[in-house]
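S.K.: what follows is a predicted protein model with its sequence.
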Amino acid sequence: MTKTITIIGGCGHVGIPLGVTLANANQKVNLLDINAKAVETINSGKLPFIEEGAEEILKKVVGKNLIATTNPKVLLESDVVVFVTGTPVDEHHNPRVHDVTKVIQSYIEFLSPKQLIVLRSTVYPGVSEIIHNLLEKQLGSCKLAFCPERILQGKGIEEIYKLPQIVSAMSLAAENEAAELFSLIAPKVLRLQPKEAEIAKLMTNTWRYLEFAIANQFYMMAESQGLDFYKIYGALTDDYPRAKHFAKPGLAAGPCLFKDTMQMSAFHKNNFFMGQSAMLVNEGLPVFLADQLEEKIGNLKNKKVAILGMTFKANNDDKRESLAFKLKKVLEMKMAEVICCDEYLPGMTPLNQAVETADGVILGVPHREYLNLKMNKPFVDCWGVWKKN
Ligand SMILES: NC(=O)c1ccc[n+]([C@@H]2O[C@H](COP(=O)([O-])OP(=O)(O)OC[C@H]3O[C@@H](n4cnc5c(N)ncnc54)[C@H](O)[C@@H]3O)[C@@H](O)[C@H]2O)c1
């Protein structure tokens with residue numbers, strides 16, 4: 001049966017993959033967003049950012065059973081309302097629960113007890129219950145589900161069709177409706193209680209953040225002793241099954257892993273020592289990389305340093321919370337002249353020019369354009385790409 005589904009925050013990184021795949025499953029989808037420019041871009045059949053495979057589906061459905069809009073009145077006609085606005089932590093790394101409740105409150109006049117309301121943003125444990133109380137108080141009753149997104153940014157379309165969908169709800173009726181909805185796109189539905197689902201999502205990202213932290217820590221330990229980390233890594237992972245998932249070092253950043261680890265820490269009364277340590281390690285890597293370059297080319301004062309790749313993820317244009325910008329700051333504190341290069345961002349120095357003029361180069365993120373470079377300048381590459389060239 002065709003339902004009308006409105007996704008609030010629908011023009012963002014989570015909203016678009018969900019919206020286009022539901023539209024592709026013959027549902028009527030409204031992407032409701034306050035970003036008028038993104039709304040216009042989507043309605044013209046284009047994406048506001050890189051998301052592999054999404055534009056092809058968008059072109060098929062846009063203007064037919066999918067529109068983007070800034071008009072909240074589309075909610076009045078909707079059977080399902082999905083919230084996917086951002087859920088950052090504050091400057092002290094505390095969850096900003098009120099960001100979620102404020103957005104919901106701002107749309108309350110358009111919501112009704114008949115609608116299935118789905119929270120899809122990553123939320124602090126207990127937030128689904130808080131929102132359920134808020135909605136019950138204002139609407140009399142409500143059908144609320146929490147169904148977290150777990151896709152990898154940039155690979156959202158491929159993954160949304162492959163990953164099991166965790167579904168939880170405040171009532172069995174809402175849980176069944178949400179399970180039916182996600183069965184349209186997900187291969188499998190896994191049912192949990194809301195608090196379990198909230199924690200499952202946070203644990204997923206925290207686990208990943210800790211995997212990168214141990215890899216980064218080992219990289220720093222080996223390299224600071226003058227050892228070649230990747231030689232060691234190559235040997236220890238070669239045909240050794242238990243090291244199959246051993247993460248590689250790299251700048252671990254982006255809008256999710258750090259903040260979700262901090263939410264997990266807040267949840268455990270800030271006694272999450274492994275999470276806090278992971279944060280110190282991952283956030284400390286840019287400083288280590290700047291020091292590594294300094295060891296190779298001497299005091300960085302007035303030296304030209306090129307960073308290749310400023311986004312937080314390879315082959316993507318997303319620079320949210322990218323540690324390459326922290327690296328830039330660290331280098332500038334050492335009074336280096338920093339040249340930023342990134343094929344995926346506007347206003348950056350072209351690759352050839354950046355490398356030619358630089359005294360030293362640091363690989364910020366391994367975009368495909370950099371993988372086969374034969375680097376003829378002193379360089380630091382924690383991703384393990386250039387040495388083998
Ligand atoms: N990016 C990912 O790959 C990913 C993966 C899993 C989970 N998440 C979680 O999903 C949530 C959203 O993340 P995102 O990356 O899509 O963020 P995003 O910033 O890309 O998208 C959020 C969208 O919400 C819109 N918005 C903000 N306030 C609004 C309002 N009042 N009304 C309507 N629209 C509004 C913004 O304009 C933006 O388009 C976060 O909780 C995040 O942790 C993200």
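M.R.: Arrived safely, thanks for sending. Quantities reported herein were computed from a predicted structural model and do not represent experimental measurements. Numbers count the residues shown, from 1 in each chain.

S.K.: could you point out which element follows the longest helix seen in the chain?
M.R.: Secondary structure assigned by DSSP state H gives helix 194-224 as the longest helix of the chain. Using DSSP states H and E, the helix or strand that follows helix 194-224 in sequence is helix 229-237.

S.K.: so which bits of this structure are right by the ligand?
M.R.: Within the chain, the positions adjacent to the ligand are 8-9, 11-15, 32-35, 38, 84-87, 103, 106, 121-122, 149-151, 153, 255-256 by CB under 6 Å from any ligand atom. For the C-beta atoms, the positions are set from N, CA and C on the backbone; glycine is no exception.

S.K.: I only care about those that end up buried; give me the ChimeraX line for that.
M.R.: In ChimeraX, a selection of the buried entries from the residues of the chain next to the ligand looks like this (16 or more other CB atoms under 10 Å):
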select :8,9,11,12,13,14,15,32,33,35,38,84,85,86,87,103,121,122,149,150,151,153,255,256
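
S.K.: so which of the residues of the chain next to the ligand are in strands?
M.R.: 8, 32 (DSSP state E).

S.K.: which residues of the stretch 51-200 of the chain fall in strands?
M.R.: Using DSSP state E, counting those that start in this stretch, the strands of the stretch 51-200 of the chain run over 66-69, 80-83, 116-119, 143-146, 165-169, 189-191.

S.K.: spatially, what comes nearest to the residue in the stretch 151-300 of the chain that the ligand sits nearest to if we skip its sequence neighbours?
M.R.: Closest contact between the stretch 151-300 of the chain and the ligand, by CB to the nearest ligand atom, is at residue 153 (3.5 Å). Here the nearest residue to residue 153 in space, its sequence neighbours aside, is residue 13; by CB to CB, 6 or more residues apart in numbering that works out to 5.7 Å.

S.K.: need the contact list for that neighbour.
M.R.: 49, 51, 153, 156, 318 (CB atoms under 8 Å, 6 or more residues apart in numbering).

S.K.: residue 266 too?
M.R.: 89, 93, 94, 95, 124.

S.K.: just to revisit the earlier point, quick one: which of the residues of the chain next to the ligand sit in helices?
M.R.: Counting by DSSP H, the part of those found in helices is 15, 38, 103, 106.

S.K.: wait, the first one touches residue 34, no?
M.R.: No - Residue 15 sits out of contact with residue 34 when judged by CB atoms under 8 Å, with a separation of 11.9 Å.

S.K.: in contact with whichever residue of the chain sits closest to the ligand, which residues?
M.R.: Residue of the chain nearest the ligand, by CB to the nearest ligand atom: residue 12 (1.8 Å). Each residue near residue 12 by CB under 8 Å, 6+ apart is listed here: 33, 38, 84, 85, 86.

S.K.: check contacts around the closest residue to the fourth one other than its chain neighbours.
M.R.: Read it as residue 85. With CB to CB, 6+ apart as the criterion, residue 85 has its nearest non-adjacent residue at 3.7 Å, and that residue is residue 9. Each residue near residue 9 by CB under 8 Å, 6+ apart is listed here: 15, 32, 33, 83, 84, 85, 86, 103, 121.

S.K.: tell me how far residue 9 lies from residue 44.
M.R.: Shown here: residue 9 relative to residue 44, a distance of 20 Å by CB to CB, to the nearest Å.
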